[in-house]
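got a sequence here, can you model it:
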Amino acid sequence: MNVKQILGSKGSEVVFVAPGCKVSEVSKVFGERRIGAVPVMDKGRLVGIVSERDVVRGLAIRGAAVLDDAVDTLMTRSVATCTGEATLNELMEMMTERRIRHVPVVEDGKLIGIVSVGDVVKERLQETQQEADALKEYIATA
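Numbering: from 1, shown residues only. Have a look, this model is predicted:
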């Protein structure tokens, strides 16, 4: 299983914001779209990612005033990305090592999707179920 296959089943639509977008606006996007992170794009280029965690951290430090700040004050600038060819295991390893929940998928410098830890868990559970079903079938026919 690779990232392209995950995007094929979940879709490759990516919601993104500009660096000057207010934190209050990105917070609305999180709630309306039921997502936990949004890539930050500037002139078609990935320049960061902002997550619910970033907003909560900003609120803890600056209080409600952070809601009027631009997302580029909170975003992670050094974004961990992958390609569509990355395997499920590689993605799990990256997410675990870096303690991240969302990974933008970039091919030839272009953002083509985003994969969340929920997407990874869903795919892994399906793989495990298929393996269990195959073993049961094998045992039943042996």
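
show me which helix or strand of this protein is least confident by mean pLDDT.
helix 117-141 (a mean of 82; mean pLDDT, DSSP states H and E).

and it, what's buried?
By neighbour count on 16 or more other Cβ atoms under 10 Å, the buried set for helix 117-141 is Val117, Asp119, Val120, Glu123. C-beta coordinates here come from the backbone N, C-alpha and C atoms, glycine included.

show me what it is packed against.
Here helix 117-141 is seen to pack against helix 3-10, helix 88-98 when contacts are counted using 3 or more Cβ pairs under 8 Å, 6 or more residues apart in numbering; DSSP states H and E.

list just the one of those that sits closest to Thr76.
Checking these against Thr76 by Cβ to Cβ gives helix 88-98 as the closest, at 10.1 Å.

contacts only, for the residue nearest to the spatial centre of the chain.
In the chain, the centroid-proximal residue (Cα atoms, centre = their mean) is His102; its distance is 2.4 Å. Applying Cβ atoms under 8 Å, 6 or more residues apart in numbering, we find His102 in contact with Gly36, Ala37, Ile49, Ser51, Ile114, Val115, Ser116, Val117.
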